[in-house]
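**Student:** Compute the structure for the input listed below.
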Amino acid sequence: MNAEPKLPPQAAVEDTATQALAEAMRTSFVVVRLLLIGLAVYFLCSGVFIVKEQERAVILRFGKPVGTGLEALRGPGFHWAFPYPIDEVYRIKAVKVQSAASTIGWYAEDARRNAAGQETPVNPTLDPMRDGYVLTGDRNIIHVRAILRYSIEEPLEFFFNHSNAYFAVTNALDNAVVFAASRYNVDDALRRDLAGLQDLIRRRVEATTARMNLGIKVQQVDLVTAPPRQVQDAFEEVIKAENKRGEDISVAQGYAAEVRSRAEGEAAARINAAQAAAVRFIESIKSDARYFSELLPRYQANPTLFSEWLQTEVLARALTNSQEKFFLPIRTGPGQRELRLLLSREPQKLKTTLTPPKTEGHQH
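**Tutor:** The predicted structure is shown next:
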């Protein structure tokens, strides 16, 4: 057998170094592969985020929302997005009804006293540097506090098209309070038409926020108005006087209505009575006309006889119930007539009524 050739010592050392290098490179490749896999897993897992029940989330990809409208909102649960700086998660409080309070128009209050249920002391005069107020259309000063309740219908417009949408809503409410107060006089704003003032503020806020593209929907406006506290007593006296005036007017109107109703009833009764009397009078005239028309031929035939008959008829009707009748014939010659009456005698009985001759359709 031939013996294997022996390598020189230097070549053996180089071969050992090469094997060690190859082994180190293989180990490095494994470590790099594991690192890359770990980085990929970390990259993917870092994009997972959780949205709480009281939150909503919007994913911004390179600064722009992913999705439009309500579709851009991520609800409660697990979600995934590319890690920063590709995607950014913007969280929003999921409050269905938001509220905003006016920052003008109300007098300064002491928070500690209010918390204790105490009234803030009244200053002798209104301080414009501390106390808010608005002017009415008749140039009077009143205090107004408004609470706006609204819902966010377009969250992308509300949160991403304005640097501070909440502040914009408050400004719109303050503008509406000043605008509406200037359209009302002090009595209407405080007592007579508070609902109208409240509605005008609501409509003004709706118009302003729509013009600003805030993407909200007004739900309700709660309103409180008050006169300056320095003249509160004077306002109460005016209210009492107006209430008394209203009561007096109501009493007077009730009395006027009663008198008018009674007068109308009496007038109607008199008109009805007059119409009935007119009908009776007309019928009586017609009856008399028919009666005289029927008697006219008899009179024309013998006026003397007709006159005697008519006289007899009249006397018969007139003397029907007379107890005593005395006839004095017409004196034909000179001299005096003597009438003797027996006064102390028994009274005579009444005779039955003598019915005069009647013509058809006439009562005389």
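
**Student:** What segments of the stretch 101-250 of the chain are strands?
**Tutor:** Assigned by DSSP state E, counting those that start in this stretch, the stretch 101-250 of the chain shows strands spanning 134-135, 141-152, 216-226.

**Student:** Next, count neighbours for residue 51.
**Tutor:** Residues lying near residue 51 (other CB atoms under 10 Å) number 19. Using the backbone N, CA and C atoms, a C-beta is placed for each residue, glycine as well.

**Student:** on that earlier part again, right, so of the strands of the stretch 101-250 of the chain, which gets closest to residue 128?
**Tutor:** For residue 128, the closest of those is strand 141-152, at 9.9 Å, according to CB to CB.

**Student:** Just send the strands of the stretch 101-250 of the chain back as JSON lines, with distance to residue 43, mean pLDDT and mean neighbour count too.
**Tutor:** Converted to JSON lines, those look like this (distance: least, CB to CB, whole Å; pLDDT from 0 to 100; neighbours: other CB atoms under 10 Å):
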{"stretch": "strand 134-135", "distance to residue 43": "58", "mean pLDDT": "93", "mean neighbour count": "18"}
{"stretch": "strand 141-152", "distance to residue 43": "33", "mean pLDDT": "92", "mean neighbour count": "19"}
{"stretch": "strand 216-226", "distance to residue 43": "38", "mean pLDDT": "92", "mean neighbour count": "17"}
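
**Student:** May I see the ones you listed arranged in JSON lines, with distance to residue 279 as well?
**Tutor:** Formatted as JSON lines, those follow (distance: least, CB to CB, whole Å):
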{"stretch": "strand 134-135", "distance to residue 279": "70"}
{"stretch": "strand 141-152", "distance to residue 279": "68"}
{"stretch": "strand 216-226", "distance to residue 279": "66"}
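
**Student:** Nearest to residue 26, out of those strands?
**Tutor:** strand 141-152 (59.2 Å).

**Student:** partner strands of that closest one, parallel or antiparallel?
**Tutor:** According to DSSP bridges, strand 141-152 forms sheet pairs with strand 98-101 (antiparallel), strand 134-135 (antiparallel), strand 216-226 (antiparallel).

**Student:** quick one: which of the ones you listed is nearest residue 153?
**Tutor:** Here strand 216-226 is closest among the strands paired with strand 141-152 (CB to CB), at 4.9 Å.

**Student:** contacts for that closest one?
**Tutor:** Here strand 216-226 makes contact (CB atoms under 8 Å, 6 or more residues apart in numbering) with 97-98, 142-154, 158, 169, 189-190, 194, 197-198, 201-202, 205-206, 209.

**Student:** Now do it: distance to the chain's middle.
**Tutor:** With CA atoms, centre = their mean, to the nearest Å as the basis, strand 216-226 stands 15 Å off its chain's centre.

**Student:** and that strand, C-alpha only, in CSV?
**Tutor:** Provided in CSV are the C-alpha atoms of strand 216-226 (Å, rounded to 0.1, in the frame of the first residue of the first chain):
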residue,chain,number,x,y,z
ILE,A,216,-72.3,67.9,13.9
LYS,A,217,-76.0,67.6,14.5
VAL,A,218,-77.7,69.8,17.1
GLN,A,219,-79.8,67.8,19.5
GLN,A,220,-80.9,70.3,22.1
VAL,A,221,-80.3,73.8,23.6
ASP,A,222,-80.9,74.4,27.3
LEU,A,223,-81.3,78.0,28.1
VAL,A,224,-81.4,80.1,31.3
THR,A,225,-81.9,83.9,31.4
ALA,A,226,-81.9,86.3,34.3
